[in-house]
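Engineer: dropping the sequence and predicted coords here.
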Amino acid sequence: MPQVETCDDSPERQPSQETSQEKRHVSRERPRRSQATGQLSHDIQRRIGLQLRAMYADVVNEGIPDRFAELLRRLDKPEKQ
Amino acid sequence: MTAPDDVRGAMLAAVPNLRAFAVSLCGDIDRANDLVQETLLRAWSHLESFEPGTNMSAWLFTILRNHFRTEYRKRRREVEDVDGGYAERLTAPEAQTGHVEFGELRKALLQLPPDQREALILIGASGFSYEEAAQICDCAVGTIKSRVNRARAKLAEMLTVETVEESEDTPDNGSDTLTSRVA
């Protein structure tokens, strides 16, 4: 198996979408970006990382819904009935 | 065969993280719950392929990830030829999740290719090492690293563009939602 990217199942809409976003990005965003360079991007990455973890933790903190505890209890005795 | 209690306990203990991973992958809490349930059932019926002493959580993540991708391909084939409705539904996750406060991030996440999305979540949120993530995704460590980097760059681009648009519309509310939420 090749050790390179195999995007076989990437959505096909991705390229066109990216193109339109790239255009917006170029026309609106580039002047600001080039001024702030690394600091801005570092800052954005930090915020994205924090929010990603917060979003994830939000679901983790819901704990174990009853249906899964129940499911595993039922699996507990497979062939006894 | 009856699985030892600690195996059942470990499976149950992994549920919260599996759900969070599943929601991040598909953006839909109901579908995420179904994915987790399928994962537990599959794991249960393949317990013999789990090596005791290895990471139960990583094993379950692998099953969930593979199941999601199989389902994703199937669904895509089913609907994409018809009207592109799948893409539309993918980019409207807020209504489906009930976690509206992360709507923008979820929306952006769902616009990433699945291989980048899963890599970013495994590394950036689930807390797996690059080696573990590579194992779960059945690829090289370097591939995971490049996927994570590309995912981060794309997210930053998507969320920055939104931020600029918002602050242009409402100058008084200049601090973007990302900042105010996590600050």
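Structural biologist: Cool, the structure landed. Residues are numbered from 1 along each chain as shown, chains lettered A, B, ... in the order given.

Engineer: how much space separates residue B:103 from residue A:52?
Structural biologist: 14 Å (CB to CB, to the nearest Å). In this view, the C-beta of every residue, glycine as well, is placed from N, C-alpha and C.

Engineer: which one of the two is surrounded by more residues?
Structural biologist: residue A:52 (23 against 17; other CB atoms under 10 Å in any protein chain shown).

Engineer: tell me which element the more buried one is part of?
Structural biologist: Secondary structure from DSSP states H and E places residue A:52 in helix A:30-60.

Engineer: what helices and strands are in contact with that helix?
Structural biologist: Helices and strands touching helix A:30-60, by 3 or more CB pairs under 8 Å, 6 or more residues apart in numbering or on different chains; DSSP states H and E, are helix B:5-26, helix B:103-110, helix B:114-124, helix B:141-169, helix B:177-182.

Engineer: quick one: residues contacting the residue sitting nearest the centre point of chain B.
Structural biologist: Centroid-nearest residue in chain B: residue B:25, 2.7 Å away (criterion: CA atoms, centre = their mean). Residues near residue B:25 by CB atoms under 8 Å, 6 or more residues apart in numbering or on different chains: B:32, B:35, B:65, B:68, B:114, B:117, B:118, B:121.

Engineer: return the member of these nearest to chain A.
Structural biologist: Within the contacts of residue B:25, the smallest distance to chain A is 6.4 Å, found for residue B:114 (CB to the nearest CB).

Engineer: so which of the helices and strands packed on helix A:30-60 is the most surrounded?
Structural biologist: helix B:114-124 (a mean of 24; mean count of other CB atoms under 10 Å in any protein chain shown).

Engineer: report the angle between the axes of that one and helix B:103-110?
Structural biologist: Using axes from the mean of the first three to the mean of the last three CA atoms, to 10 degrees, one finds that helix B:114-124 and helix B:103-110 are set 120 degrees apart in direction.

Engineer: which strands or helices does helix B:114-124 pack on?
Structural biologist: Helix B:114-124 packs on helix A:30-60, helix B:5-26, helix B:56-83, helix B:103-110, helix B:130-136, helix B:141-169, going by 3+ CB pairs under 8 Å, 6+ apart.

Engineer: now the ones you listed as CSV including mean pLDDT and distance to residue A:74?
Structural biologist: Converted to CSV, the helices and strands packed on helix B:114-124 look like this (pLDDT from 0 to 100; distance: least, CB to CB, whole Å):
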stretch, mean pLDDT, distance to residue A:74
helix A:30-60, 78, 24
helix B:5-26, 93, 11
helix B:56-83, 83, 18
helix B:103-110, 89, 32
helix B:130-136, 97, 27
helix B:141-169, 81, 36
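
Engineer: nearest to residue A:73, out of those helices?
Structural biologist: Residue A:73 sits nearest to helix B:5-26 of all the helices and strands packed on helix B:114-124, at 8.8 Å, using CB to CB.

Engineer: between the closest one and helix A:30-60, how many degrees?
Structural biologist: Using the same axes, to 10 degrees, helix B:5-26 lies at 150 degrees relative to helix A:30-60.

Engineer: ok and helix B:5-26 relative to helix B:56-83, angle-wise?
Structural biologist: 30 degrees.

Engineer: could you point out the helix or strand that follows helix B:5-26?
Structural biologist: helix B:29-45.

Engineer: run the chain-centre distance for that next one.
Structural biologist: In terms of CA atoms, centre = their mean, to the nearest Å, the centre of helix B:29-45 is found 14 Å from the chain centre.

Engineer: quick one: average pLDDT of that helix?
Structural biologist: Mean pLDDT, helix B:29-45: 95.

Engineer: which helices and strands does it pack with?
Structural biologist: Partner elements for helix B:29-45 (3+ CB pairs under 8 Å, 6+ apart): helix A:66-76, helix B:5-26, helix B:56-83, helix B:94-97.
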